[in-house]
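Predicted model, plus sequence, below.
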Amino acid sequence: MKFHYAFQKIVDLKSNEKTQAEWMLSSAIGKLQAEEKSLNELYEMRDQMYHAQQEAASRCVPVAEIRNIQVYAEHLEECIERKRDDIRIAHVNVTKKQKVLSDKMLDEKVWLKARDKSEEKFRHESLLREQNELDEMATVRFAIKAR
């Protein structure tokens, strides 16, 4: 007789939920990395603008051009601040997704453990049945030889 777990569909569901939570965490980490890359690009652009501003000042270019560079650098500073907020939000999202994944993994583990215990109980009962049948066969043989 083969073992059949009555709640196997629930075990499969929990496994699928865990896989989905892994995908969601992976997506959140990818978004965080993209935000961090974008922030680094903003830092590089800002540094280039400050360097261009210093170079323009040393070349005696018109004040209006230096002012335009400064305005753009200030705009980049604002973008950097917004990007830092985005990164903080992305970090919070990653943390939430990690918690969800942890919960899903624990839930799956509980159901797998219950299935394993059920299978162990089934095997134990099968062995007992088999042993009882063997004992009965031995008793019948002994009774037949004793006549």
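Done, it's in.

just checking, what packs against the helix or strand hosting Arg67?
Arg67 is part of helix 63-146 when elements are defined by DSSP states H and E. Packing partners of helix 63-146 (3 or more C-beta pairs under 8 Å, 6 or more residues apart in numbering; DSSP states H and E): helix 8-58. Where C-beta positions appear, they are placed from N, C-alpha and C, glycine not excepted.

Okay, angle between the helix it packs on and helix 63-146 too, please.
Helix 8-58 runs at 160 degrees relative to helix 63-146, counting by axes from the mean of the first three to the mean of the last three C-alpha atoms, to 10 degrees.

Give the other helices and strands that helix 8-58 contacts.
With contacts defined as 3+ C-beta pairs under 8 Å, 6+ apart, helix 8-58 has these neighbours: helix 63-146.

can you give me how far the helix it packs on is from the chain middle?
Remark: helix 63-146 is offset 8 Å from the chain centroid, using C-alpha atoms, centre = their mean, to the nearest Å.

could you give me the average pLDDT of that helix?
Regarding helix 63-146, the rounded mean pLDDT is 95.

Over to stretch 16-26?
For stretch 16-26, mean pLDDT rounds to 98.
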